Structures are given as structure tokens and as C-alpha cells.
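Enquirer: give me a 3D structure for the following:
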Amino acid sequence: MKNLLFTSVLTLFCLTGFSQTPEEIKAWQDNMTPGEEHNWLASMDGEWDATVKMWMDPMQPPNVSKATTKNEMIMGGLYQRSSHSGNMMGMPFMGESITGYDKSQKKFLATWIDNFGSSIMFMEGQYNPETNSLTLEGNMIDPATGKNLHVREVFTKTSENTHSFIMYIIQEDEEIKNMEITYIRKK
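Expert: Alright, predicted model coming up:
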């Protein structure tokens with residue numbers, strides 16, 4: 001399938017008068033071949049039970065809820081789709097992310113959407129093999145003010161059957177923990 005796609009793309013380039021050297025063709029082939037970063041994402045494929053803690057006010061106890069997540073690699077193993085469902089603040093919650101490693105830019109890229117807003121969050125970051133964690137940073141729009149909120153997220157794989165997620169809102173160089181999720185693989 002991947003070879004058919006590559007052949008189709010190559011044919012398109014040739015038909016449009018765009019020619020490539022063997023080195024350029026190899027660069028395209030390398031870029032469309034999943035690597036170790038993609039394998040790390042794939043290791044978290046499957047269905048997960050989640051315990052979600054969310055702080056609306058950092059001085060108050062968190063709101064705790066249960067959720068489920070399904071992770072699956074798509075597009076020949078280049079991206080991971082994560083589909084989330086549960087309840088948040090007493091309302092049904094659905095969210096979805098696409099995360100991938102851009103081999104050309106040598107960094108992870110991610111998007112996030114959910115039914116609690118019409119904005120798309122864009123994130124980028126790096127994997128740290130020493131901590132087995134992926135740290136992403138980006139911005140989201142605060143619907144109350146219309147201003148950007150700087151966000152940092154940390155995904156840590158703690159075992160083959162558990163991982164965690166922590167989200168921080170960064171305001172005036174101060175990080176405020178906003179969310180913590182613990183994932184346990186469903187049996």
C-alpha cells in the first residue's frame with residue numbers, strides 16, 4: 001500500500017514536470033517510513049480506562065471523573081488518533097487528538113479538538129527517552145477573553161499498561177496544573 005502511494009505521488013510529480021534526484025526520492029521515502037518515535041506512540045495503542053482530575057481553581061480540590069480512550073495508529077503508522085469520551089463538569093465530553101512525529105522537522109506535532117469548544121489546539125514538542133515522556137507546548141484560545149493561553153502537556157509512559165498525562169496552563173511565566181489523567185489499559 002505504501003509503495004502504491006509513493007508510486008502515485010512520484011507519478012504526479014513527473015507528470016507536473018517536477019523531477020527529483022535519487023537522493024530526493026530517498027528523502028521522501030525515509031520521511032514516509034515510521035521510525036522509533038512512531039513506534040513509541042504505537043506502544044500506547046489500545047483501549048484505556050482513565051481517571052481524570054481537573055482543577056478549575058487551583059486552590060480547590062479537583063473535579064474527578066472517569067473516561068475511556070482509544071488510541072490507534074493511522075496513515076501507515078505515521079500518526080496516532082486518540083478518541084476520548086467521558087463526563088466533565090456533569091456533561092458528556094468527547095475529544096480527539098492526532099499526534100505524529102515529523103521526521104523532517106525532528107519534533108512531535110499534535111492537534112486537539114473536543115465538544116467543549118470550536119477551537120483547534122496545535123502543539124509541538126520532544127520525546128525524552130530518559131523519562132519516557134513526551135512534552136508538548138502550544139496555545140489555545142480562552143473563549144472568555146479571546147486571548148491565547150500557553151499550554152504545556154506531559155505524557156509519561158510508566159509501564160506497558162499505564163501512562164499519565166498532565167496539562168499546565170502557563171500565565172505570566174507561572175505554570176498552573178489544570179488536568180491530570182491516569183490511564184490503565186483495558187484487559
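Enquirer: now do the same contact list for the nearest residue to E96 once chain neighbours are set aside.
Expert: Distances taken as Cβ to Cβ, 6 or more residues apart in numbering place S83 nearest to E96, at 5.2 Å, with adjacent residues excluded. C-beta here means a position set from N, CA and C on the backbone, and glycine is covered the same way. With contacts defined as Cβ atoms under 8 Å, 6 or more residues apart in numbering, the neighbours of S83 are T69, K70, M94, G95, E96.
Enquirer: ok, T182 next?
Expert: Contact partners of T182, counting by Cβ under 8 Å, 6+ apart, are A50, T51, T162, S164.
Enquirer: any figure for the gap between the third one and S82?
Expert: Shown here: T162 relative to S82, a distance of 16 Å by Cβ to Cβ, to the nearest Å.
Enquirer: can you show me the helices along this protein?
Expert: Secondary structure of the chain (DSSP state H): helices located at 2-15, 22-31, 36-42.
Enquirer: just the ones of the contacts of T182 in strands?
Expert: Filtering the contacts of T182 for membership in strands, criterion DSSP state E, returns A50, T51, T162, S164.
Enquirer: can you count the residues close to the first one?
Expert: By other Cβ atoms under 10 Å, 19 other residues sit near A50.
Enquirer: and the third one, by the same measure?
Expert: For T162, the count of nearby residues is 14 (other Cβ under 10 Å).
Enquirer: that older thread, ranking the helices of the chain by mean pLDDT, which is last?
Expert: Within the helices of the chain, the least confident segment by mean pLDDT turns out to be helix 2-15, at a mean of 59.
Enquirer: residue nearest the centroid of the protein?
Expert: Averaging the C-alpha coordinates of the chain gives a centre point, and the residue nearest to it by Cα atoms, centre = their mean is T99 (3.5 Å).
Enquirer: ok, for that one, nearest residue in space, not its chain neighbours?
Expert: Distance criterion Cβ to Cβ, 6+ apart; nearest residue to T99, sequence neighbours excluded, is A110 at 4.2 Å.
Enquirer: could you give the bridge partners of that neighbour?
Expert: T99, M123 (DSSP bridges).
Enquirer: show me the contacts for it.
Expert: Under the criterion of Cβ under 8 Å, 6+ apart, the contact partners of A110 comprise S97, I98, T99, G100, F122, M123, E124, G125, L136, G138.
Enquirer: which of the residues you listed ranks first by neighbour count?
Expert: Neighbours here mean other Cβ under 10 Å. Within the contacts of A110, the largest count is held by L136, at 24 neighbours.
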